[in-house]
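**Q** How does the following fold in three dimensions:
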Amino acid sequence: MEVKEIKVSDDLEKLILDINSASWDEGNDIQHYSVSCLSAYLDRQDSLFLACYLDRDGQNTLMGIASARIEWKPYADRPWLYVDEIDTCCDHRRRGVATKLMSAFFNLAKEKECDEVWLGTESTNLAAQKLYQSLSPQHADLFIGYTFNM
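**A** You can find the predicted model right below:
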């Protein structure tokens with residue numbers, strides 16, 4: 001299993017094909033990905049996108065993807081990493097994919113001198129909560145999120 005940080009110079013068409021043909025369910029917030037959308041995301045300063053692959057006999061199989069951003073608070077002198085999505089393909093769950101992706105984000109956060117890594121999950125997503133608790137967080141806050149459609 002290998003996690004790769006995706007750059008705009010990578011073969012995004014192949015990655016998009018892998019993402020759009022992978023096995024996802026309603027637990028994943030996967031919309032139809034496109035090269036133009038992912039390219040625009042990667043063009044943003046401080047955006048990070050990871051892909052986890054399994055190499056079997058020269059065949060790379062997508063196991064999961066993740067996105068995050070490096071953010072700054074107006075009162076802090078060091079950045080923090082906001083993890084937006086961790087998605088594991090249905091047929092690769094319980095194999096350490098999300099743990100591997102989180103580990104890669106922790107390493108990137110250290111490399112970029114971030115003070116902390118922050119993420120949230122839905123109260124109904126017990127598998128994600130179990131994963132994040134297993135990573136020994138310093139805090140596990142309860143909060144209410146709001147969405148405003150425009």
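**Q** C-alpha from now on. contacts and neighbour counts both.
**A** Fine.
**Q** Starting from the helix or strand harbouring Asn60, tell me which strands it pairs with and how they run.
**A** If you go by DSSP states H and E, Asn60 is part of strand 59-71. Strand pairing for strand 59-71, determined by DSSP bridges: strand 47-56 (antiparallel), strand 80-88 (antiparallel).
**Q** gap between stretch 98-105 and the chain center?
**A** 8 Å (Cα atoms, centre = their mean, to the nearest Å).
**Q** just stretch 51-64 next, same as before
**A** For stretch 51-64, the distance to the chain centre is 16 Å (Cα atoms, centre = their mean).
**Q** Can you list the neighbours in contact with it?
**A** 1-6, 18-19, 22, 65-66, 86-89, 91-92, 97-98, 100-101 (Cα atoms under 8 Å, 6 or more residues apart in numbering).
**Q** how does it look with 6 Å?
**A** Stretch 51-64 has contacts (Cα atoms under 6 Å, 6 or more residues apart in numbering) with 1-4, 65, 87-89, 92.
**Q** mind checking how far the residue nearest in space to the middle of the chain is from Tyr82?
**A** Centroid-nearest residue in the chain: Ala66, 1.8 Å away (criterion: Cα atoms, centre = their mean). Separation of Ala66 from Tyr82 (Cα to Cα, to the nearest Å): 11 Å.
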